[in-house]
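Visitor: need the 3D shape of this:
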Amino acid sequence: MPKIADIEDTPNPNAKKFVLREPLTWGITHSYENAEQAQGDALARALFAIPHVTNVFYVDRWLTVTQDGQADWELLLRQIAPPLRGTPAASEQSAAAVFEARASVADLSPEDRQRLDDFELVLDQEIRPYLQSDGGDLHVLGLAGNQLIVHYQGACGTCPSAISGTLQGIESRLRTLEPDIEVIAA
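Guide: Numbers count the residues shown, from 1 in each chain. The predicted model follows:
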């Protein structure tokens, strides 16, 4: 049963980040943009049952809930806390399961796999920590030629600055590795 250590504002005024004392997962992200996507996840399903919840994202010791902008956060926070506290903490997961979830981009040549690994290293070390501190994250959907396709998760998914400034900053940083890379948000 994860206990809530803190509730933080994010740059997205419609999203709050819950910092937990126990993990919900071990390195595997869960990101849902609607109730239909959350059918196999008891926690996300319970959160989507709360009026105005539009996005649920969690990994390790934190969860971000996004609302439609029509709800009072104080009331919404009181409704989110019980299902979150009622969820069991994560049991140990094998390193193989975490690696398999991370290695979701298949069918790449060895050269493109290396390029993607280089991009992921920069994202892991320099980009994701900042996004995660704001209640969001970034998932790589694919690499095709000089285009890296990414998907924002959690608070970043509906934040206006994610699509403009943050995306440009990511592209600028990755261009130090490959001057022709283009980062596209999907």
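
Visitor: could you pull up phi and psi at residue 185?
Guide: Dihedral pair for residue 185: phi -90, psi 130, per degrees, to the nearest 10.

Visitor: separation between it and residue 152?
Guide: Distance of residue 185 to residue 152, computed by Cβ to Cβ, to the nearest Å: 6 Å. The way it works is simple: take the backbone N, C-alpha and C, and place the C-beta from them, glycine included.

Visitor: of these two, who's got more company?
Guide: residue 152 (22 against 16; other Cβ atoms under 10 Å).

Visitor: beta-bridge partners for the more buried one, please?
Guide: residue 138 (DSSP bridges).

Visitor: low-confidence ranges, the protein, go.
Guide: Within the chain, the stretches with pLDDT under 70 are 1, 91-106, 158, 160, 162-164.

Visitor: how about the helices in this protein?
Guide: In the chain, the helices defined using DSSP state H lie at 42-48, 73-85, 95-102, 110-122, 128-133, 160-161, 167-174.

Visitor: domain ranges for this protein?
Guide: Listed by automatic domain parsing, the domain ranges of the chain are 4-85, 103-185.

Visitor: rewinding a little: highest mean neighbour count out of the helices of the chain?
Guide: Across these, averaging neighbours per residue (mean count of other Cβ atoms under 10 Å) puts helix 42-48 on top, at a mean of 20.

Visitor: how much space separates residue 85 from residue 63?
Guide: Taking Cβ to Cβ, one finds residue 85 at 11 Å from residue 63.

Visitor: same thing with residue 8?
Guide: To residue 63, residue 8 is 11 Å away according to Cβ to Cβ.

Visitor: list residues touching both of these two?
Guide: Common neighbours of residue 8 and residue 63, using Cβ atoms under 8 Å, 6 or more residues apart in numbering, are 17, 18.

Visitor: the two: which is more packed in?
Guide: residue 63 (27 against 15).
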